[in-house]
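K.L.:
Sequence first, predicted model second:
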Amino acid sequence: MSPTYVAALDQGTTSTRCILFDHQGRLVSVAQREHAQHYPQPGWVEHDAAEIWRNAQRVVGEAVAQAGASPAQVTALGIANQRETTVAWDRRTGKPVGRALVWQDVRTAGIVEELAADGGPDRFRERCGLPLATYFAGPRIRWLLDHTPGLRERAERGDVLVGTMDSWLVWNLTGGPGGGVHVTDVTNASRTMLMDLATLQWDDELLAVFGVPRACLPEIRSSAEVYGTATGVVPGTRIAAALGDQQAALFGQTCFTAGEAKCTYGTGSFLLLNTGREVVRSTHGLLTTVGYKIGDEDAVYALEGSIAITGSLVQWFRDSLGLISSAAEIETLARTVDDNGGCYIVPAFSGLFAPHWRSEARGIIVGLTSYITKGHLARAVLEATGWQTREVVDAMDADSGIELSTLRVDGGMTADNLLMQFLADVLDVPVVRPMVSETVSLGAAYAAGLAVGYWPDLEGLRRNWHRAAQWTPRMDPALRAEEYDNWQRAVERTFGWITPEQAQRGR
């Protein structure tokens, strides 16, 4: 009998990949393609959704072929996606009406300021769990409708569809103009500012305030259920899961119990804490979000700390400064010195996310002296990720009342052993990396497999999790406290750098 697999289509910020997993949760094959990043103005970040769809078709086909499998052997396909990135497309032609607006894009600063003028940044937090910020999809949809001629009228008629990347992929996979299903899952919907966290449905009042017509929006469904079947690539395969990438990582790390947490280190970094069936309202700058929802079961919620710039700071160090030729070299360069030499880099390239939520902040390097070398700068780049994580963990402890005992980590940056040790040092808890580091893809596969019975239950998934490496704290507590104080003083110096008018001009 031929083996069967579950496919995960992971549509990320810089690339799209497909991974096939077997019953033991082992990676069988992987295919990946990068897509272009477009920066038409400072602070504006765009993707070509048509390019992403072409890449998605290719990587799915390549991963299946690489495994020596036929489409019939792919039991189900699950999607994980970059969240908040927003695309609008024509229902009849299937063509995007323009480029997708990426989650890092800050052009909606004027809309955010306008909405916050009546009630402040937490105006909608009680209902949707989110502060007003350029990060989320709702303001992006509003911007597209306001700035694309005729788009609002077409959206009101339902001739144009709008959604995050999961909706775009599911619609195309299930037929596109020939009958594609327009859906999103609760995790992605919870990142729009348009969904009520309690009802898990689009909220009429929020839609009215943001000026978003319901007719263009997808139907909100659970994270793990059969949405439809593929019609082109892997025809007949059930499309059975969709989760925002960070919720997918939470699921892939098998953080199924309240109090369990993970942090994914990629372009940005995202720490999620499972809070169970309870909606925990943050008073310390975190986001309240949906962790996942399996079929008809109650939703599981999470607290999230979103850090905008971590891995992309290493990319900047490589590509813009030219101080290293590959991302992996930063650890080697950082090890040429014993400490940061008193230098700190705060990467507020597009403002600061959790726990500060300061869209007007901009990045700085402080503590520069003639003593500083590129080795010190490399160490400061890595330490910025550690200190930003510490800020989020402190906020999470305060909100949840649960003190973190262990942090499960995943993502590309976890290959940097110096960074992982620094994380353990500044958090003062063990940091653990699993055997399967591709936890975003694994989470999407797990959810899809559960939906079709490929895996029987959550406990079966837990048994697939195995530890690959662990780092324990070594830093002197006095040094930890002194360095953290220096970091916090550096962060304060980023505040208030640009005005709202400058932000609208793309400063």
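P.N.:
Thanks, I have it. Numbering: from 1, shown residues only.

K.L.:
Assign a three-state SS to Tyr227, would you?
P.N.:
Counting by DSSP: H, G, I helix; E, B strand; the rest coil, the backbone at Tyr227 sits in strand.

K.L.:
got it, and the one 4 residues further on?
P.N.:
Secondary structure state of Thr231, per three-state DSSP, is coil.

K.L.:
correct me, but it touches Gly175?
P.N.:
Yes - counting by C-beta atoms under 8 Å, Thr231 does reach Gly175; the two are 4.7 Å apart. (Glycine included, C-beta is placed from N, CA and C.)

K.L.:
Any stretches of this protein with poor pLDDT?
P.N.:
1, 500-507 (pLDDT under 70).

K.L.:
mind listing the strands for the stretch 101-250 of the chain?
P.N.:
Ranges of strands within the stretch 101-250 of the chain are 160-164, 183-185, 195-196, 201-202, 219-221, 224-229, 238-244, based on DSSP state E, counting those that start in this stretch.

K.L.:
Arg99 is nearest to which of the ones you listed?
P.N.:
Smallest distance to Arg99 across the strands of the stretch 101-250 of the chain (C-beta to C-beta): 13.6 Å, for strand 160-164.

K.L.:
What residues of that closest one count as buried?
P.N.:
160-164 (16 or more other C-beta atoms under 10 Å).

K.L.:
repeat for stretch 392-409
P.N.:
Across stretch 392-409, burial judged by 16+ other C-beta under 10 Å covers 392-396, 399-400, 402, 404, 407-409.

K.L.:
Which ones among those map onto strands?
P.N.:
407-409 (DSSP state E).

K.L.:
which one of those residues sits closest to Glu46?
P.N.:
Relative to Glu46, and with distances defined as C-beta to C-beta, the nearest of those is Val409, at 30.0 Å.

K.L.:
which ones are touching the closest one?
P.N.:
Residues near Val409 by C-beta atoms under 8 Å, 6 or more residues apart in numbering: 262-265, 420, 423, 431-433.

K.L.:
run the last query once more with 10 Å
P.N.:
249, 253, 261-265, 269, 271, 389, 419-420, 423-424, 431-434, 437, 439, 469, 471 (C-beta atoms under 10 Å, 6 or more residues apart in numbering).

K.L.:
As CSV, could you dump the C-alpha coordinates of stretch 463-471?
P.N.:
C-alpha atoms of stretch 463-471 as CSV (Å, rounded to 0.1, in the frame of the first residue of the first chain):
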residue,chain,number,x,y,z
ARG,A,463,4.1,12.2,21.2
ASN,A,464,5.7,13.4,17.9
TRP,A,465,7.4,16.3,19.7
HIS,A,466,11.1,15.7,20.6
ARG,A,467,13.7,18.0,22.0
ALA,A,468,16.8,18.7,19.9
ALA,A,469,18.7,21.2,22.0
GLN,A,470,18.4,23.2,25.2
TRP,A,471,20.2,26.2,26.6
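
K.L.:
With distance to Val45 as extra columns, can I get the strands of the stretch 101-250 of the chain in JSON lines?
P.N.:
Below are the strands of the stretch 101-250 of the chain laid out as JSON lines (distance: least, C-beta to C-beta, whole Å):
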{"stretch": "strand 160-164", "distance to Val45": "15"}
{"stretch": "strand 183-185", "distance to Val45": "21"}
{"stretch": "strand 195-196", "distance to Val45": "24"}
{"stretch": "strand 201-202", "distance to Val45": "26"}
{"stretch": "strand 219-221", "distance to Val45": "26"}
{"stretch": "strand 224-229", "distance to Val45": "28"}
{"stretch": "strand 238-244", "distance to Val45": "18"}
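
K.L.:
Point out the most buried one among those strands.
P.N.:
The highest mean neighbour count among those, using mean count of other C-beta atoms under 10 Å, belongs to strand 238-244: a mean of 30.

K.L.:
can you tell me how far Met396 sits from Val381?
P.N.:
Applying C-beta to C-beta, to the nearest Å, the value for Met396 to Val381 is 24 Å.

K.L.:
Repeat that for Val314.
P.N.:
6 Å.

K.L.:
Now list whatever residues contact both of those two.
P.N.:
Here Val314 and Val381 have 324, 330, 347, 419 as joint contacts, going by C-beta under 10 Å, 6+ apart.

K.L.:
wait, which of these is closest to Gln24?
P.N.:
Leu419 (29.2 Å).

K.L.:
quick one: the closest one is in a helix?
P.N.:
Yes - under three-state DSSP, Leu419 sits within a helix.

K.L.:
Provide a list of residues in contact with it.
P.N.:
265, 310, 314, 330-331, 334, 379, 381-383, 385-386, 389, 409, 413, 431, 471.

K.L.:
is it true that Ile365 lies in a strand?
P.N.:
Yes - Ile365 forms part of a strand when assessed by three-state DSSP.
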